[in-house]
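**Student:** build the 3D model from these lines:
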Amino acid sequence: MSARVVVLFAGGGTGGHLYPALALADALTELRPDVRPVFAGASRGIEARVLPQRGLEHFLLPVRGVARGVPFWKNLGVLPALLSSLATVRTWVRTERPSAVVVTGGYAGGPAGLVAALSGTPLVLQEQNAVPGATTRVLSRWAEQVHVAYPEAGAGLPASARSVVRVSGNPIRPPVPLDPSSAREALGLAVDRPTVLVVGGSQGSQALNTATLDAVRATDSDPGYQLLWSTGPRHIDVVRRALEEIGSPRWVHATPYIDDMPSALAAADVAISRAGAMATSELLAWGVPAILVPLPTAAAGHQERNAEALAEAGCAIHAPQAQLEGVALDAEVRALLRDPDRRERMRAAARARAFPHAARAIASEIATLLPAPASGPADGTPDDVKGRAA
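**Tutor:** Model (predicted):
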């Protein structure tokens with residue numbers, strides 16, 4: 001067994017649960033270099049590809065999520081997979097004796113959280129959405145700390161867990177000072193034109209792409225702004241052919257994926273986006289006024305609630321997909337661009353809800369549960385990045 005302080009990070013199935021775990025592990029090891037992070041994930045999840053690629057210490061479990069809207073017999077393997085996963089985690093915990101278990105949600109985090117609860121290992125949860133997921137709701141009864149990104153999430157937890165809830169935000173890359181003109185130049189855009197960013201997640205969104213194409217088709221001439229449009233790799237060929245058919249408007253810049261997202265966020269005057277937890281956290285941190293189109297099939301309607309919460313706070317406009325229409329979307333964008341005072345109010349509201357240093361703040365809280373390092377306390381996190389009591 002290693003002499004270093006072992007911390008198990010569990011969560012995944014999707015990037016929305018895996019990447020927060022990676023960010024927290026990075027922040028904790030920066031704060032406490034004596035920590036040895038180990039990751040537990042699902043063999044069917046994105047972590048099965050990402051963790052080996054990054055060379056991170058990990059083990060994978062057969063755990064699987066419950067499929068919705070399918071015949072019951074297709075879920076018969078869920079319980080045996082869970083029991084096998086629990087046995088694997090229990091053996092690992094008995095051998096490695098972690099000082100804490102950090103669960104970032106998703107079905108991949110359930111076994112580690114349950115074993116932590118049964119073994120008395122300090123348990124920390126991080127919930128990304130306004131509506132807590134099933135894993136967070138179940139495990140919160142035994143957690144030492146529950147870090148939520150949305151203040152509204154606390155109401156969705158058992159009453160017995162609310163005393164340990166901290167509103168800490170989602171662990172994202174903190175914004176860096178970037179001049180909008182310089183950011184636009186770096187992206188190959190006109191430096192002096194208002195910029196609208198369209199992004200539907202890493203894989204893109206067919207609904208957003210269709211509405212955006214309709215908006216472009218309905219524009220007879222230069223609309224006075226430029227469009228930076230991340231279509232998703234699967235959709236780029238269709239979008240490019242459609243743009244060619246209408247004369248390849250020079251103000252439209254379609255790309256399969258935006259590698260330099262900090263520059264894109266710095267360049268944007270308005271964003272049109274899905275309402276996933278990590279995407280909205282980045283929009284808040286950068287203070288980008290947003291039109292949010294929630295994914296209607298997201299589990300437990302969490303994207304819908306994310307969008308509603310941010311619209312209620314004045315940070316964004318909630319545009320349900322069922323009502324999404326290209327001409328109306330273009331009109332909403334133009335109205336925002338014509339109203340700098342409204343955009344500034346939205347920017348201020350977004351930044352008031354933002355937690356740009358969430359990873360450091362949460363790591364600082366986790367560190368309080370660990371054995372003291374040989375050199376003494378290492379919590380150097382400033383007060384202004386610590387979480388807020390719910």
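
**Student:** use CA for all of it now, contacts and neighbours both
**Tutor:** Fine.

**Student:** in the chain, which strand has the most residues?
**Tutor:** Longest strand in the chain, counting residues (DSSP state E): strand 35-42.

**Student:** just the strands in this structure please.
**Tutor:** Going by DSSP E, the chain shows strands at 5-10, 35-42, 58-61, 100-103, 123-127, 145-148, 165-167, 195-199, 226-230, 252-255, 270-273, 290-292, 316-318, 388-389.

**Student:** hey, which helix or strand in the protein has the poorest pLDDT?
**Tutor:** Using mean pLDDT, DSSP states H and E, strand 388-389 stands out as the lowest-scoring helix or strand of the chain, at a mean of 58.

**Student:** distance check, the closest residue to residue 246 other than its chain neighbours against residue 209.
**Tutor:** Spatial nearest neighbour of residue 246, excluding adjacent residues (CA to CA, 6 or more residues apart in numbering): residue 217 at 7.0 Å. Applying CA to CA, to the nearest Å, the value for residue 217 to residue 209 is 12 Å.

**Student:** measure how the longest strand of the chain sits relative to strand 5-10, angle-wise.
**Tutor:** Using axes from the mean of the first three to the mean of the last three CA atoms, to 10 degrees, the inter-axis angle of strand 35-42 relative to strand 5-10 is 20 degrees.

**Student:** now for strand 35-42, which elements pack on it?
**Tutor:** Judged by 3 or more CA pairs under 8 Å, 6 or more residues apart in numbering; DSSP states H and E, strand 35-42 is in contact with strand 5-10, helix 15-31, helix 47-53, strand 58-61.

**Student:** so which of the ones you listed is nearest residue 191?
**Tutor:** helix 15-31 (32.1 Å; CA to CA).

**Student:** who touches that closest one?
**Tutor:** By CA atoms under 8 Å, 6 or more residues apart in numbering, the surrounding residues in contact with helix 15-31 are 9-12, 35-37, 46-47, 102-106, 128, 170-172, 276-278, 359-360, 362-364, 366-367, 378-380.

**Student:** tilt between it and strand 5-10?
**Tutor:** 170 degrees.

**Student:** burial count for the residue nearest to residue 246?
**Tutor:** 18 (other CA atoms under 10 Å).

**Student:** same question, residue 144
**Tutor:** 18.

**Student:** how far does the longest helix seen in the chain sit from its chain's centre?
**Tutor:** Across the chain, the longest stretch assigned as helix under DSSP state H is helix 78-96. Relative to its chain's centre, helix 78-96 lies at 27 Å (CA atoms, centre = their mean, to the nearest Å).

**Student:** who's in contact with it?
**Tutor:** Counting by CA under 8 Å, 6+ apart, 1-2, 6, 61-66, 111-112, 114-115 sit against helix 78-96.

**Student:** got it, and stretch 194-204?
**Tutor:** Stretch 194-204 is touched from outside by 205, 208, 224-235, 257, 264-265, 267-274, 279, 333, 337, with contacts defined as CA under 8 Å, 6+ apart.

**Student:** distance of residue 265 relative to residue 175?
**Tutor:** For residue 265, the distance to residue 175 - CA to CA - is 9 Å.

**Student:** same question, residue 109
**Tutor:** Distance from residue 109 to residue 175, by CA to CA: 28 Å.

**Student:** quick one: low-confidence parts of the stretch 251-390 of the chain?
**Tutor:** 375-390 (pLDDT under 70).

**Student:** please, where are all the helices along the stretch 251-390 of the chain?
**Tutor:** Here the stretch 251-390 of the chain has its helices, by DSSP state H, counting those that start in this stretch, at 261-267, 277-286, 302-312, 326-337, 340-353, 358-367.
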